[in-house]
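> Quick one: sequence plus predicted model below, questions after.
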Amino acid sequence: MTPWIPTIPLFKPSPRSPNNCHQPSLLISDLFHHETLKWNTVMLQALFEKDSVREISKIHVSKDPNIKYIWTPSCSGRCSTSSAYLSAISSRYSTNAILASSNFWKSIWKLNLNDRLRLFLWKIAWNILPTKERLNSIFPSNLEACPLCKVLEDSLQHLFFNCSFARIIWRSSSWPLDSTALNFSNMRDWINLILYPGAMLGIPIEDHHRFQIFASVACDILWSSRNKAYHDGTTFDDLQVSRNVNKLTLEHFEAWHKSSISLVEKWIPPPPGWFKINYDTAIQDSFSVQAAVCCNNSGNIIRMTSQISSKCLPNIGEAMAVLLAVPLASSSNIKKFILEGDSLVVILALLNPNFSQDWRISPIILKTLDSIPASSSWRARKVNRSANFCAHSVTHWAATRFSSGSIPITPPTPSIRIVSGKDPSSLVLVC
Ligand SMILES: [Zn+2]
């Protein structure tokens with residue numbers, strides 16, 4: 001049997017009966033309806049096990065006659081030296097609990113810190129900062145004293161918790177802590193505490209971000225001071241180092257707060273003669289929802305629709321939402337429209353389908369582009385969630401009611417209160 005399903009091990013479906021494996025005349029193209037490009041579920045269920053049918057049903061059949069190879073270990077579907085290397089070494093780490101807990105690493109990259117601090121925390125978690133203790137584990141030599149306090153050993157545990165410099169930093173913080181009590185032998189536990197300070201330290205949720213900045217900046221300044229002392233012989237004043245940590249924490253916090261305010265983007269009406277279709281998706285525990293809202297240039301909602309689909313990856317959900325959005329224009333004879341969503345991957349794929357960053361969405365994007373009449377003018381634009389609020393709220397409304405299909409605009413049903421004419425981002429849907 002030819003391997004052809006990208007989302008299961010070895011790419012081969014499980015047949016319901018061993019006899020099903022030996023049908024050489026049966027082609028994949030025999031398994032779907034050519035007019036609708038939908039899978040023939042009766043046939044699939046007769047031939048394959050339930051799990052295989054579910055995975056096959058997730059594949060979107062494309063009209064694109066060109067068959068190309070997909071490198072499934074990489075998100076883009078293209079093979080590169082780095083993705084081939086990572087694929088080759090992945091078996092080495094299959095039992096490594098750290099690598100297995102991908103949520104831990106994802107949480108580090110999602111922290112509201114600048115990229116340099118996130119990378120620094122990542123290095124701490126991997127224990128790859130070259131302290132004398134770390135180097136000694138690779139190239140045995142004499143242990144050296146901490147370059148800052150000149151006492152005890154040069155290790156991350158000492159530098160971050162026991163060093164007199166660290167103790168002063170923590171005692172003069174907004175969370176006066178005895179850092180020696182934090183003495184983690186595993187740096188991953190320390191990063192876990194930074195990620196979830198409420199669980200271990202009881203820090204209130206409104207203070208989490210400031211604490212995360214403080215802890216990261218403190219470690220960063222301690223590490224850079226240690227390096228300057230070690231390499232250049234620079235001497236530091238512990239109180240001055242502590243003041244620097246507090247000053248930098250404040251600067252980072254204010255800079256982050258300002259940039260998050262500027263991220264609030266408003267819905268902008270399309271130019272006269274144009275329409276705008278906002279689309280979005282929501283992934284629930286057992287299903288996904290897509291929704292699309294079409295507005296004219298006065299901000300009046302012309303059409304709304306939603307659909308319930310099987311649970312899927314977020315990018316696939318976004319791609320299915322844009323596939324749902326296009327018919328809103330064509331069925332209303334709209335010739336000029338702007339597609340707006342909050343997934344950059346989907347917008348880039350629409351604008352350049354040959355270079356999609358996620359191969360899984362390519363068939364859906366090609367189907368979407370195929371459904372746009374050649375006589376139409378269209379654009380696609382990535383917006384922040386705040387400017388996509390109308391589609392976002394319809395998605396959640398549809399998820400709550402498990403509602404699929406066109407949503408009536410006039411006359412409003414008792415369950416929908418529509419605020420139109422100004423800014424559809426103030427759309428209110430009452431469940
Ligand atoms: Zn020290």
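Great, that's in hand. In this text the structure is predicted, and so the values were computed from the model without any measurement. Numbering: from 1, shown residues only.
> Only C-alpha atoms from now on, for both contacts and neighbour counts.
Noted.
> Give the helix, strand or coil label for the residue nearest to Ser404 when sequence neighbours are not counted.
Closest residue in space to Ser404, ignoring its immediate chain neighbours: Gln307 at 4.2 Å, by Cα to Cα, 6 or more residues apart in numbering. Assigned with DSSP: H, G, I helix; E, B strand; the rest coil, Gln307 falls in the strand class.
> so Gln307 bridges to which residues?
With DSSP bridges as the criterion, Gln307 is bridged to Gln290.
> List, one by one, the residues from this protein near the ion.
For the chain, the residues in contact with the ion (Cα under 5 Å from the ion) are 146, 148-149, 163.
> 8 Å instead, please
Along the chain, the residues adjacent to the ion under the rule Cα under 8 Å from the ion are 145-154, 158-159, 162-166.
> Is it correct that the residue nearest to Ser404 is in contact with Ala282?
No - contact criterion Cα atoms under 8 Å: Gln307 and Ala282 do not qualify, at 10.7 Å.
> Can you pull the residues that touch both of these two?
289-290 (Cα atoms under 8 Å, 6 or more residues apart in numbering).
> Compute the number of surrounding residues for the residue nearest to Ser404.
By the criterion of other Cα atoms under 10 Å, Gln307 has 21 neighbours.
> again, but for Val394
Residues near Val394, counting by other Cα under 10 Å, number 28.
> contacting residues around it?
Contacts of Val394 (Cα under 8 Å, 6+ apart): 291-293, 306, 429.
> Most neighbours among the residues you listed, which one?
Counting neighbours by other Cα under 10 Å, Ala291 leads the contacts of Val394 with 34 neighbours.
> And the contacts of Val394, which is closest to the ion?
Distance to the ion across the contacts of Val394 (Cα to the ion) is lowest for Ala291, with 57.0 Å.
> Tell me the spatial nearest neighbour of that closest one, not counting adjacent residues.
Excluding the flanking residues, the one nearest Ala291 by Cα to Cα, 6+ apart is Ser306, at 4.1 Å.
> and Asp30, backbone torsions?
The phi and psi values for Asp30, taken as degrees, to the nearest 10, are phi -80, psi -10.
> Near it, how many residues? Count them for me, please.
For Asp30, the count of nearby residues is 12 (other Cα under 10 Å).
> So what would you say the end-to-end distance of stretch 301-317 is?
By Cα to Cα, to the nearest Å, the extent of stretch 301-317 from end to end equals 23 Å.
> list the buried ones in it?
When burial is assessed from 16 or more other Cα atoms under 10 Å, stretch 301-317 yields the following buried residues: 301-308, 311-312, 315-317.
> Ramachandran angles for Phe402?
The phi/psi pair for Phe402 (degrees, to the nearest 10) is phi 50, psi 50.
> Can you give me the neighbour number for it?
Phe402 has 15 neighbouring residues, counting by other Cα under 10 Å.
> just to revisit the earlier point, widest-spaced pair of the contacts of Val394?
Farthest-apart pair in those is Ala292 and Leu429; separation 13.9 Å (Cα to Cα).
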